[in-house]
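> no sequence for this one, just the structure:
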């Protein structure tokens, strides 16, 4: 609360501040919420002068009203939806990755997290002509692999060399848990502090720079043996959307080594759903 003091606005003299305090009004909040007519009588000041002071303080210390319709229009004008390059996965994500938000892919080793991230990076840079920042914390990213995926999109070397070039629209962190997990657990407070810091940077970056943040996470086992995203309950509130990737072991015509399942476990827009896909083929709905 802001304490009333001399000179905060025209007419607010030292004597008036003293009289207001004697009447039990010490802060701006107390003044603007008081009965001005009764307060003017207690302080022996004109109603018109005190009302003018109240109007100035309201203008200085309150937010301007904004309608919900205006906020919605601003959101529509600033939000972009980036396709992942796979129509079925985009459907699971309600059209794709949203700028201003954090999307998480969690899964165990070999679940296809990095493969999906590679595909997203190639699609955004080649098809959408936007730049992508790829932060590889595990050493799994190779230029030769990205070039191989890019060659699958086009054999034209000039087109391969001209990917990206636009503004940065996506930041991929593969993986965020590799940085934080070693410091979590026990009495190590550094891990929790680092997690809060990383979460804050990602959310601020996504919001202020209007980019889509895509992160990967490891998995753990719950009390009943169910597979859960890692980093605990505190981290679970950070991503706006969470997808769990798993290997599918079943007898199908597609090699089990390339068949994966994707389950939407958190979303503010979509109900929980699941689909299967291969690392090199189109995604097919369950």
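The structure has been received and is ready for your questions. Everything numeric here is computed off the predicted structure, so don't read it as measured data.

> Could you tell me how far the helix or strand hosting residue 147 lies from the centre of the chain?
Of the helices and strands defined by DSSP states H and E, residue 147 is found in helix 143-153. Centroid separation between helix 143-153 and its chain, computed with CA atoms, centre = their mean, to the nearest Å, is 29 Å.

> Can you list the buried residues in that helix?
146, 149, 150, 153 (16 or more other CB atoms under 10 Å). Every residue, glycine included, has its C-beta placed from N, CA and C.

> which ones are touching residue 241?
Residue 241 is in contact with 93, 98, 101, 102, 103, 104, 264, 266, 267, 268, counting by CB atoms under 8 Å, 6 or more residues apart in numbering.

> what do you get for residue 26?
In this structure, residue 26 makes contact with 3, 4, 20, judged by CB under 8 Å, 6+ apart.

> Switch the buried residues of helix 143-153 over to CSV; also include distance to residue 243 and pLDDT.
Supplementary listing: those in CSV, determined by distance: CB to CB, whole Å; pLDDT from 0 to 100:
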residue, distance to residue 243, pLDDT
146, 22, 81
149, 20, 84
150, 24, 82
153, 23, 80
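
> ok, of those residues, which one's closest to residue 277?
For residue 277, the closest of these turns out to be residue 149, at 15.4 Å, with distances computed as CB to CB.

> At the geometric centre of the protein, which residue sits there?
The structure's the chain has its C-alpha centroid closest to residue 101; by CA atoms, centre = their mean the separation is 3.2 Å.

> Could you find the closest non-adjacent residue to that residue?
Excluding the flanking residues, the one nearest residue 101 by CB to CB, 6 or more residues apart in numbering is residue 240, at 4.1 Å.

> Please apply the same query to residue 136.
residue 174 is the one closest to residue 136 (CB to CB, 6+ apart), at 5.8 Å.

> can you pull the contacts of the one you found?
For residue 174, the contacting residues are 113, 114, 117, 134, 135, 136, 137, 138, 140, 141, 215, 216, taking CB under 8 Å, 6+ apart as the criterion.

> Ok, residue 63 next?
Contacts for residue 63 (CB under 8 Å, 6+ apart) come out as none.

> For it, give me phi and psi.
Main-chain torsions, residue 63, degrees, to the nearest 10: phi -80, psi 150.

> Can you give me the pLDDT of it?
The predicted structure scores residue 63 at 77 on the pLDDT scale.

> Out of the contacts of residue 241, which end up buried?
The neighbour count (16+ other CB under 10 Å) marks 93, 98, 101, 102, 103, 104, 264, 266, 267 as buried among the contacts of residue 241.

> name the element residue 207 belongs to?
For residue 207, the enclosing helix or strand under DSSP H and E is helix 189-208.
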